[in-house]
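Novice: 3D model of this:
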Amino acid sequence: MDTDNEIIEVAGADNATASPAKKKTAKLTVLDQLKEEISKEVSRPEIEMAVPERKGVTVRFSPNITNDQLKAWRRNSTNRKTDELDSIKFSCYVVGQTVTGIYYNDELVLDDNGNIVTFASPIMMEMTDTDRPLPDAIRAFYGVDPHLENVALKILDFAGYGDDVDAEDPTKG
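Specialist: The predicted structure follows:
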C-alpha cells in the first residue's frame, strides 16, 4: 500500500450515534433491542490524509457517500460520445464533494472571513491559478494525477464501497 497518503486520523471513531436512552422499566425483548439498534444513525467517521508532495498539508474528508451521489459523479464524469469514464474527473468529484477541511501544520485553514477553505473557495482558485474548482483547482492542489486518484479510491474504500460483507453461517446457533 502506498504510504504517501495513508489515512492519518479517523475523527470520531464511534460508527453510530446512539438515540436517546429509553427508560428501562422491564426487560427488553430481542425485538425491542433490534428496534433500538435500527433507530441509531449510522455514519462513517471523517478521515484525514496527508497530501503527497505538500509538506504539512492534510485534507479531511467525510466518507458518507450515498449511492445516488456516486451514480451522479459517474454520470457527470462519463464522456457522452464515447461512454468512457474520465477517471481524473471522477476522482475530482469524490475529493471535491467530500472535503470538510484543509489543514496546514495541523491547523484548519480559514479565509479572511473565517470560512473553511475548500476547493471551491475563491482563495483556493487564486492560490492554484485556476477558474474552476472541479477539476482544475483540485488537480493543481494535488499536482500529480495518480496521487489524486489514490486519495479518491481511499475515500471510496473507507466509505464502504470496497467492503466485503461476510455472510453469517445459518447453521451456527
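Novice: and the gap between the residue nearest to the spatial centre of the chain and residue 151?
Specialist: Nearest to the mean C-alpha position of the chain, counting by CA atoms, centre = their mean, stands residue 63 at 2.8 Å. Shown here: residue 63 relative to residue 151, a distance of 11 Å by CB to CB, to the nearest Å. Bear in mind the C-beta positions are built from the backbone N, C-alpha and C, glycine included.
Novice: do the same with residue 120
Specialist: When distance is defined by CB to CB, residue 120 is 17 Å away from residue 151.
Novice: these two: which is more packed in?
Specialist: Shown here are residue 120 and residue 151; by other CB atoms under 10 Å, residue 151 has more neighbours (24 against 15).
Novice: in the strand or helix carrying that one, which residues are buried?
Specialist: With elements delineated by DSSP states H and E, residue 151 resides in helix 145-156, which encompasses its position. Burial within helix 145-156, assessed by neighbour count using 16 or more other CB atoms under 10 Å, is assigned to 147, 148, 149, 150, 151, 152, 154, 155, 156.
Novice: kindly report the same for stretch 82-101.
Specialist: By neighbour count, and taking 16+ other CB under 10 Å as the criterion, the buried residues in stretch 82-101 are 88-99, 101.
Novice: how about those in JSON lines, adding secondary structure?
Specialist: Shown next, in JSON lines, are those (DSSP: H, G, I helix; E, B strand; the rest coil):
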{"residue": "88", "secondary structure": "helix"}
{"residue": "89", "secondary structure": "helix"}
{"residue": "90", "secondary structure": "helix"}
{"residue": "91", "secondary structure": "helix"}
{"residue": "92", "secondary structure": "helix"}
{"residue": "93", "secondary structure": "helix"}
{"residue": "94", "secondary structure": "helix"}
{"residue": "95", "secondary structure": "helix"}
{"residue": "96", "secondary structure": "helix"}
{"residue": "97", "secondary structure": "helix"}
{"residue": "98", "secondary structure": "helix"}
{"residue": "99", "secondary structure": "strand"}
{"residue": "101", "secondary structure": "strand"}
